[in-house]
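Novice: Only the shape, not the letters, is given here:
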């Protein structure tokens, strides 16, 4: 193995892969057997964090950055004048194993530019995974990209070796895709996703009958959308996510604030700020949909097509629905507790457990670590103290903003002045 | 013995144990045998508390340990017991007494109490358990093995809490086909896996090992190359336009940097 050459390739192909935000390594159930290498049962581990604060859990690289497509939003687009490189299959295997043995990573996230055609590319990704599993007895985490347009047969094989498969739809609207990636067809993205979904269902039902049925993509599927490249609304993005969660049983949808990498008149100018606050609000909404029992239509609708940047989406919902409050901490059911601004999933579970022993008052809540600065306008507890003024939504919003110090405050402060 | 116990005030009794978890369990047992209402459990040689307190040395007896632990499992339950063990590993000063009160509360209560968060001792224990758990998880993440010439993957760490007993299983399951050793340089002992079982070894290596230098060529010839590749990868995967130092140090506190290959100087 020539380390200098590998080093050069790694620099190019890791740099090109970094805009894929998924780094999850959880949710698989692959245990180590017969003294092989690795274990990926249950919790994922972030082994490090980049200077931009993102988790480093997997060795995230491209097989190659040669690509036959010319999608405007992508660094590796055909017409972009950059250095190109390609890994050999054995090189990726060696890197993965040696990084894994040193406890640098949980596994491999392998993606690729499309060279020759979809099947040829997918075949090489599958070959890496197969070699890792069969020759190296590797039980760590493997995330493979499903290449749009790859054949069903290859997708079936991919799922046998990978823990997770993902197709990035990148552009949330069909019209946006036509504009930025005219050579790509919306349907090509959906086909491998549908195939994998059906295989997962089939393998799961077979497993119930025949215990030795192999695992098929045990950590499920995910996808990613670029935010802020085509002028789409939050409602469009979120309806698309809700559709994917429902139709394809996706485990995760990732949102990636567009980082201007190339000058193109169809795209935001170079130097435009990455919409990180918007990205954050989208993730918060995603969580509300997956863990807090919210329906997407409760959060965005025709009148509110974009998320409020000033306050988080749960608080925004509560302010629009003051008639649902206040709720009694000692009586309310889980569904309603989860809707109280400032109270998260863990706090709800603590409240429900602790209130079995005695009725909870403000001191108890404080000791449980529940921040009341937002919640206090929406709850009552075992105390005569509670918000008795009949405040309007605007007043509550004002009080909360006055007393909060969001890390994004600087970004929204011009608007604050208008309201203040 | 009996007349002796009449000569001192039982509330001022300090039970001294050897510092091990087994010893602590024996001390709790002794507390009940002596029918003390109040009193403290302290590590030998820590000599805190009142000058006039009567000090009683508790001897660690393994058969007794087993008996007590079995008893606790029945009376306090599995999750309660695991909370006690984890909180004990925090090594916080006075944790023995918090745990003693926690155990008393648990034994007096007809139902499991590990979720009674509005009770001060239960809350304290659950907070310690959380801290210890976080440190355990950090060690599983931040350990960086280096391959030595004789094929052992070696690392040194200095966790805030005594978490080696908790991470042993994780590394054994993960690295079943390679020899490895994790050395706690603060507490001077190591876990060593020899392809069959994990052993606890007492070790005294020199303080503040600087492992990124290749002292006397103890490392495999490719070791440094892989470290360089990893450092390079770490740099390439960063997105400069999203730089966020505050978040970075929140996730990777500076005190861990000297163990992380990617944060070491050079290159």
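Specialist: The structure has been received and is ready for your questions. Treat the numbers as computed from the prediction; the structure is a model and nothing was measured.
Novice: Run a quick neighbour tally on residue 204.
Specialist: No chain specified, so I'll use chain A. Neighbour count for residue A:204, taken as other C-beta atoms under 10 Å in any protein chain shown: 13. C-beta here means a position set from N, CA and C on the backbone, and glycine is covered the same way.
Novice: please go with chain B instead
Specialist: 8.
Novice: ok, it touching residue B:189?
Specialist: No. Proximity of residue B:204 to residue B:189 does not meet the contact threshold set by C-beta atoms under 8 Å, at 9.3 Å.
Novice: Identify the bridge partners of residue A:224.
Specialist: Beta-bridge partners recorded for residue A:224 (DSSP bridges): residue A:254.
Novice: And for it, the neighbour number?
Specialist: 19.
Novice: Who are the contact partners of it?
Specialist: A:20-22, A:166, A:168-170, A:253-256 (C-beta atoms under 8 Å, 6 or more residues apart in numbering or on different chains).
Novice: hmm, try it at 6 Å
Specialist: Listed by C-beta atoms under 6 Å, 6 or more residues apart in numbering or on different chains, the contact partners of residue A:224 are A:168, A:254, A:256.
Novice: what's the spacing between it and chain B?
Specialist: Separation of residue A:224 from chain B (C-beta to the nearest C-beta, to the nearest Å): 14 Å.
Novice: mind showing which ranges of the chain have poor pLDDT?
Specialist: I went with chain A, as the question did not name one. The model of chain A has pLDDT under 70 over residues A:1, A:42, A:405-420.
Novice: ah, no, chain B please
Specialist: For chain B, the ranges with pLDDT under 70 are B:1-11, B:47-52, B:207-216, B:266-267.
Novice: Pull up the residues of it that are close to chain A.
Specialist: Proximity of chain B to chain A is confined to B:115-118, B:123, B:140-141, B:143, B:145, B:173-174, B:176-177, B:225-226, B:230, B:232-233, B:236-239, B:241-244, B:247-248, B:251-252, B:262 under the rule C-beta under 6 Å from any C-beta of the partner chain.
Novice: What count of nearby residues applies to residue 54?
Specialist: Assuming you mean chain A. Residues near residue A:54, counting by other C-beta under 10 Å, number 21.
Novice: try again with chain B
Specialist: 16.
Novice: next one: residue B:99
Specialist: Neighbour count of residue B:99, defined by other C-beta under 10 Å: 23.
Novice: distance of it from residue A:112?
Specialist: 54 Å (C-beta to C-beta, to the nearest Å).
Novice: Spit out the contact partners of the residue of the stretch 151-267 of chain B found nearest chain A.
Specialist: Chain A sits closest to residue B:247 of the stretch 151-267 of chain B, with a gap of 3.2 Å, by C-beta to the nearest C-beta. Residues near residue B:247 by C-beta under 6 Å, 6+ apart: residue A:53.
Novice: ok, now the one 10 residues further on?
Specialist: Remark: with contacts taken as C-beta under 6 Å, 6+ apart, residue B:257 is in contact with residue B:263.
Novice: So it versus residue B:83, what's the distance?
Specialist: Residue B:257 is 31 Å from residue B:83, by C-beta to C-beta.
Novice: What residues does chain A have near chain B?
Specialist: Contact residues (C-beta under 6 Å from any C-beta) of chain A with chain B: A:3, A:7, A:10-11, A:14-15, A:18, A:32, A:35, A:37-39, A:45, A:47-53, A:98, A:102-104, A:259, A:274, A:350, A:353-354, A:357, A:364, A:367-368.
Novice: Give me the PyMOL select line for those residues, limited to the buried ones.
Specialist: Buried residues within the residues of chain A next to chain B, by 16 or more other C-beta atoms under 10 Å in any protein chain shown, are selected in PyMOL with:
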select buried, chain A and resi 10+11+14+15+18+32+37+38+39+45+47+48+49+50+51+52+53+98+102+103+104+259+274+350+354+357+364+367+368
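Novice: Tell me which of the residues of chain A next to chain B fall in strands.
Specialist: Among those, DSSP state E puts A:48-49 in strands.
Novice: shouldn't residue A:110 be in contact with residue A:125?
Specialist: Yes. Between residue A:110 and residue A:125 there is a contact under C-beta atoms under 6 Å: 5.5 Å.
Novice: what's the overlap in contacts for those two?
Specialist: By C-beta under 6 Å, 6+ apart, residue A:110 and residue A:125 have these common neighbours: residue A:144.
Novice: which residues touch residue B:17?
Specialist: Contacts of residue B:17 (C-beta under 6 Å, 6+ apart): B:23-24, B:27, B:58.
Novice: at 7 Å instead, please
Specialist: Residue B:17 makes contacts with B:23-24, B:26-27, B:41, B:43-44, B:58, B:60, as judged by C-beta atoms under 7 Å, 6 or more residues apart in numbering or on different chains.
Novice: Just give me the closest of these to chain A.
Specialist: Looking across these and measuring by C-beta to the nearest C-beta, the closest to chain A is residue B:41, at 24.9 Å.
Novice: Which of the helices or strands spans the closest one?
Specialist: Using DSSP states H and E, the element containing residue B:41 is strand B:40-43.
Novice: quick one, strands of the stretch 1-150 of chain B?
Specialist: Along the stretch 1-150 of chain B, counting by DSSP state E, counting those that start in this stretch, strands occupy B:13-17, B:40-43, B:54-57, B:146-147.
Novice: Quick check: what element follows the last one along the chain?
Specialist: So that's strand B:146-147. Sequence-wise, the next helix or strand downstream of strand B:146-147 (DSSP H and E) is strand B:152-157.
Novice: domains for chain B, by residue range?
Specialist: Split into domains by automatic domain parsing, chain B comes to B:2-135, B:143-263.
Novice: Same check on chain A?
Specialist: A:3-299, A:313-419.
Novice: Identify, out of the ones you listed, the most deeply packed stretch.
Specialist: Of those, the one with the most neighbours on average (mean count of other C-beta atoms under 10 Å in any protein chain shown) is domain A:3-299, at a mean of 19.
Novice: mind checking the end-to-end distance for it?
Specialist: With C-alpha to C-alpha, to the nearest Å applied, domain A:3-299 spans 52 Å between its terminal residues.
Novice: and if you look at stretch A:382-395?
Specialist: First-to-last distance for stretch A:382-395 - C-alpha to C-alpha - comes to 25 Å.
Novice: For the residue nearest the centre of chain B, give me its contacts.
Specialist: By C-alpha atoms, centre = their mean, the mean C-alpha position of chain B lies nearest to residue B:162, the distance being 2.0 Å. Residue B:162 sits next to B:89, B:91, B:187 when contact means C-beta under 7 Å, 6+ apart.
Novice: could you redo these as JSON lines and give each row neighbour count?
Specialist: Conversion of the contacts of residue B:162 to JSON lines gives the following (neighbours: other C-beta atoms under 10 Å in any protein chain shown):
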{"residue": "B:89", "neighbour count": "21"}
{"residue": "B:91", "neighbour count": "14"}
{"residue": "B:187", "neighbour count": "14"}
